[in-house]
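# Here is my input, please return the structure:
(2 chains)
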Amino acid sequence: MTTRRRRGQPRLPFLLGILATAGMALFLLPVLGLFSRAPWTRLPALLGSDIVTDAIRLSTVTSLAATALSFAVGVPLAWVLARVDFVGRSLVRGTVALPLILPPVVGGAALLFAFGRRGLVGAPLEQATGLVLPFSAWGVVVANTFVAMPFLVITVEGALRTMDRRYEEAAASLGAGRWTVLRRVTLPTITPSLVAGLVLCWARAFGEFGATITFAGNLQGRTQTLPLAVFVALERDRDTAVAISLVMVLISLFVLVSLRERWRGTL
Amino acid sequence: MANPEWRARSALVALALSATACRGPSTRNDGVDACSMPGTTPCAALAGEIIVSAAASLTDAFVAMKSAFEAMHADVDIVLNLGGSSALRAQILEGAPVDVFASANATNMTRVVEAGRLADDAHFFARNYLRIAVPAGNPAGISGLEDLTNAALRIALCAEEVPCGELARRVFARAGLFPALDTNEPNVRALLTKIQLGELDAGVIYVTDVASANGAVQGIEIPDDVNVAAEYLVGVLADAPNPTGAAKFVQFVLSDQGRVLLASHGFAPP
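Take a look at the predicted model:
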């Protein structure tokens, strides 16, 4: 295999190339495995079933809602973590990152203890408003947000901490208010990181399984997202499971690659 | 203090962590020692891991089986792989290294047999009936199957892919009722846990699961004329990594001692 060499680009060290190929293979081979089992001729029929279309619709709506919710509360959280020095900040930062480490099923159980019908917040919530999060699409959004938001918070917080703050100071010294500085200087400066964080957040929400099935349950059209549909189908009909997985791979690749290309200049 | 909610929480966490750890020697059974029976291979020959994929509803009974069997064979380590029978069957058909498969219905066992993956015959070893389960205190005032058609309540069955879900749907079909479902749980233990936690008002699970919850859920009888039984089958896999151990364990499940253990966990004889 020949490697295109741009001027000034060092020659690829042999060992590095081998290791990189091994790393790449770990990601490529499972995708190829999926393709090798794909029931190509039956694909349209399998993907046209109402189980699949319901799951695509639900997954799209809930993953986007979780991303929007993460944006609404996650960016302010990242700002506070990066800019405000308060007692227990590292503890809060650790807690925010916890869903990255916690097995999602445990995350789902913890969500039940907090927001379930007999949970710390869930019980008074049901009494006051009649809203029950488990077994509802809102439950899916909450589970997705819980698991996916840390990706956004961590990315944005890192960008806020490393950005050159002199522009903010200059804007403030020229008379811009705090909101104006945030809107006109801070956010535009961190846009590439913000977009990267949002994409990661959406991708994680789109693929969420464990917390969703534990907290929100599994009902077609209401809480059965694509990953849950794959899980159930895997036990009944592998062809359908592979077909749904292909859809997930294609949607995710499309989003990740196209956004990456669009923001490549700045990322 | 025996706080059922706390117990339910720890049960859920245990479930979440897929803990399959042995319950300790308290269930050790000092009955007949299979080693001393004539015509069997000596126990000294028995060693290593025996991987047992067992239906989730067998959890308590097989944890007890594991303790009793390991007490008799010091060098044996039974590894329990518990889950929905259909998930276990899928794992086996995809080539998971398993010694023994214990399924909660004939369908999943038949698929394994048809794929040529069973070494010998499958043995019918237990029966399990269904019951309506409600959280302790029955907050929604459930009294029978008709109440499970009330859309205002939180009602669940196992997913139809797993035996408890398939059987529960047969019960409703026989009763001519349509349950108002809020979720299809992936296995019977997940369903039990959500009933224990009070997240669900009612669900249909096995008699044995009601018994295992130690009062954290209440069972409500399903009339005999509509109830159906799960039929449990066990067999040794053709490519079992430990064929001797696997055969011995299956023999133990079918033995009188195994029957007693199963009965003590609420299973009916075949």
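
# And the pLDDT for the residue of the stretch 101-250 of chain A found nearest chain B?
Using C-beta to the nearest C-beta, the closest approach of the stretch 101-250 of chain A to chain B is made by residue A:217 at 2.9 Å. Where you see a C-beta, it was placed from the backbone N, CA and C, and this is true even at glycine. Confidence at residue A:217, expressed as pLDDT, is 93.

# likewise residue A:131?
89.

# do the same with the one 4 residues further on
In the predicted model, residue A:135 carries a pLDDT score of 93.

# my guess is it meets residue A:218, correct?
No. Between residue A:135 and residue A:218 there is no contact under C-beta atoms under 8 Å: 9.1 Å.

# which neighbours do these two share?
Counting by C-beta atoms under 8 Å, 6 or more residues apart in numbering or on different chains, the contacts common to residue A:135 and residue A:218 are residue B:183.

# give me every residue that touches residue 102.
Defaulting to chain A. Taking C-beta under 8 Å, 6+ apart, we find residue A:102 in contact with residue A:110.

# not quite, I wanted chain B
Here residue B:102 is in contact with B:52, B:53, B:54, B:55, B:58, B:62, B:125, B:232, B:233, B:234, B:253 (C-beta under 8 Å, 6+ apart).

# What of residue A:248?
A:206, A:207, A:226, A:227, A:230.

# Neighbours of residue B:211, how many?
Per other C-beta atoms under 10 Å in any protein chain shown, the neighbour tally for residue B:211 reads 17.

# Find me the pLDDT at it, would you?
For residue B:211, pLDDT reads 89.

# Identify the residue spatially nearest to it, adjacent ones excluded.
Distances taken as C-beta to C-beta, 6 or more residues apart in numbering or on different chains put residue B:266 closest to residue B:211, at 4.2 Å, once the chain neighbours are dropped.

# Give the burial count for that neighbour, as a bare number.
Neighbour tally, residue B:266, other C-beta under 10 Å: 21.

# you'd agree it is up against residue B:208?
Yes. Between residue B:266 and residue B:208 there is a contact under C-beta under 8 Å: 3.9 Å.

# Which strands and helices lie in contact with the biggest helix by length in chain A?
In chain A, taking DSSP state H as the definition, the longest helix is helix A:50-83. The contact analysis (3 or more C-beta pairs under 8 Å, 6 or more residues apart in numbering or on different chains; DSSP states H and E) places helix A:50-83 against helix A:89-101, helix A:137-162, helix A:187-206, helix A:226-236, helix A:238-262.

# Nearest to residue B:191, out of those helices?
With C-beta to C-beta as the measure, helix A:226-236 is the member of these nearest residue B:191 (14.3 Å).

# what pLDDT, on average, does the closest one get?
pLDDT averaged over helix A:226-236 gives 88.

# cool, stretch B:160-167 as well?
89.

# Kindly report the same for stretch B:193-207.
Here the average pLDDT along stretch B:193-207 is 95.

# Export that stretch to CSV, keeping only CA atoms.
In CSV, the C-alpha atoms belonging to stretch B:193-207 read as follows (Å, rounded to 0.1, in the frame of the first residue of the first chain):
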residue,chain,number,x,y,z
THR,B,193,-37.5,-6.5,40.3
LYS,B,194,-39.7,-3.8,38.9
ILE,B,195,-42.8,-5.2,40.7
GLN,B,196,-40.8,-5.3,43.9
LEU,B,197,-39.8,-1.7,43.5
GLY,B,198,-43.4,-0.8,43.0
GLU,B,199,-42.7,0.7,39.6
LEU,B,200,-45.3,-1.7,38.2
ASP,B,201,-48.7,-2.4,39.6
ALA,B,202,-48.9,-6.0,38.4
GLY,B,203,-47.1,-8.5,36.2
VAL,B,204,-47.3,-12.2,35.4
ILE,B,205,-44.4,-14.2,36.6
TYR,B,206,-43.7,-17.8,37.8
VAL,B,207,-44.9,-19.2,41.1
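
# Pull the number of nearby residues for residue A:14.
Other residues close to residue A:14 by other C-beta under 10 Å number 8.

# oh, I was asking about residue A:36
8.

# do residue A:186 as well
Neighbours around residue A:186, by other C-beta under 10 Å: 21.

# Please apply the same query to the one 10 residues further on.
Using other C-beta under 10 Å, residue A:196 is surrounded by 21 other residues.

# Which residues are in contact with the residue nearest to it when sequence neighbours are not counted?
Distance criterion C-beta to C-beta, 6+ apart; nearest residue to residue A:196, sequence neighbours excluded, is residue A:155 at 5.8 Å. In this structure, residue A:155 makes contact with A:193, A:194, A:196, A:197, A:200, judged by C-beta under 8 Å, 6+ apart.

# measure the closest residue to residue A:210 other than its chain neighbours to residue B:204 for me?
The shortest distance from residue A:210 to any non-neighbouring residue, by C-beta to C-beta, 6+ apart, is to residue A:104 (3.0 Å). Distance of residue A:104 to residue B:204, computed by C-beta to C-beta, to the nearest Å: 27 Å.

# Show me which of those two is the more surrounded one.
residue B:204 (27 against 21).

# Flag every residue of the stretch 1-150 of chain A that's near chain B.
Residues of the stretch 1-150 of chain A lying close to chain B (C-beta under 8 Å from any C-beta of the partner chain) are A:103, A:105-106, A:108-109, A:112-113, A:116-118, A:132, A:134-135.

# can you list the weak-confidence ranges in chain A?
A:1-10, A:262-267 (pLDDT under 70).

# one more time with 80, if that's ok
A:1-12, A:235-236, A:259-267 (pLDDT under 80).

# So for the residue in the stretch 101-250 of chain B that chain A sits nearest to, what's the pLDDT?
Residue of the stretch 101-250 of chain B nearest chain A, by C-beta to the nearest C-beta: residue B:183 (2.9 Å). Looking at residue B:183, its pLDDT is 96.

# ok, now which ones touch it?
Residue B:183 neighbours (C-beta under 8 Å, 6+ apart): A:135, A:216, A:217, A:218, A:219, A:223, B:156, B:194, B:200.

# out of these, which one sits closest to residue B:220?
residue B:200 (13.7 Å).

# need the contact list for the closest one.
With C-beta under 8 Å, 6+ apart, residue B:200 has these contacts: B:135, B:154, B:155, B:156, B:182, B:183, B:191, B:194.

# Angles on the backbone of it, please.
When read as degrees, to the nearest 10, the backbone of residue B:200 gives phi -110, psi 150.

# ok, it to residue A:225 distance?
Taken as C-beta to C-beta, the span from residue B:200 to residue A:225 is 20 Å.

# Next: residue A:191.
29 Å.

# Pick out whichever of the two has more residues nearby.
residue A:225 (31 against 13).

# for the more buried one, what are its contacts?
A:55, A:58, A:59, A:62, A:63, A:140, A:208, A:212.

# can you do 10 Å?
A:54-63, A:137, A:140, A:143-144, A:205-209, A:212-213, A:216, A:218, A:231 (C-beta atoms under 10 Å, 6 or more residues apart in numbering or on different chains).
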